[in-house]
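Peer 1: I would like to see how this sequence folds:
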Amino acid sequence: MVEAIANETARAEKYQAFLARGEVSLKHYQETGIAYAAADVHAFIRAKLRGENPPQPLPTQLK
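Peer 2: Residues are numbered from 1 along each chain as shown. Below is the predicted model of the structure:
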């Protein structure tokens, strides 16, 4: 039982950290308008999954 509580606590802490990183990212985008085009990110991920070593997508000014 104690292990289950510890596991759930760790999971909840990781989730809260994930949300906090998202909030920081959103604030940065709202302040700068700099983001990554979804199509570029998707192409990057697909290439990585194929075992390729693609260049990282470049940020763009969306606002």
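Peer 1: What mean pLDDT does stretch 5-12 get?
Peer 2: For stretch 5-12, the mean per-residue pLDDT is 97.
Peer 1: again with stretch 48-63
Peer 2: 93.
Peer 1: after the longest helix along the chain, next one along is what?
Peer 2: In the chain, taking DSSP state H as the definition, the longest helix is helix 2-32. Per DSSP states H and E, the first helix or strand lying C-terminal to helix 2-32 is strand 34-35.
Peer 1: Return the distance of that next one from the chain's centre.
Peer 2: Put simply, strand 34-35 sits 13 Å off its chain's centre (CA atoms, centre = their mean, to the nearest Å).
Peer 1: And that strand, what does it pack against?
Peer 2: In terms of contacts (3 or more CB pairs under 8 Å, 6 or more residues apart in numbering; DSSP states H and E), strand 34-35 is packed against strand 60-61. Placement of C-beta: from N, CA and C, glycine included.
Peer 1: Pull up the pairing partners for the strand it packs on, direction included.
Peer 2: strand 34-35 (antiparallel) (DSSP bridges).
Peer 1: Mind checking the pLDDT average for the strand it pairs with?
Peer 2: For strand 34-35, mean pLDDT rounds to 94.
Peer 1: Need the contact partners of that strand.
Peer 2: Applying CB atoms under 8 Å, 6 or more residues apart in numbering, the contact partners of strand 34-35 are H28, Y29, P59, T60, Q61, L62.
Peer 1: Domain map for the protein?
Peer 2: 1-32, 33-63 (automatic domain parsing).
Peer 1: In JSON lines, list those along with mean neighbour count.
Peer 2: Formatted as JSON lines, the domains of the chain follow (neighbours: other CB atoms under 10 Å):
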{"stretch": "domain 1-32", "mean neighbour count": "10"}
{"stretch": "domain 33-63", "mean neighbour count": "11"}
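Peer 1: Can you pull up the most central residue in this protein?
Peer 2: Most central in the chain under CA atoms, centre = their mean is G22, positioned 7.2 Å from the mean C-alpha point.
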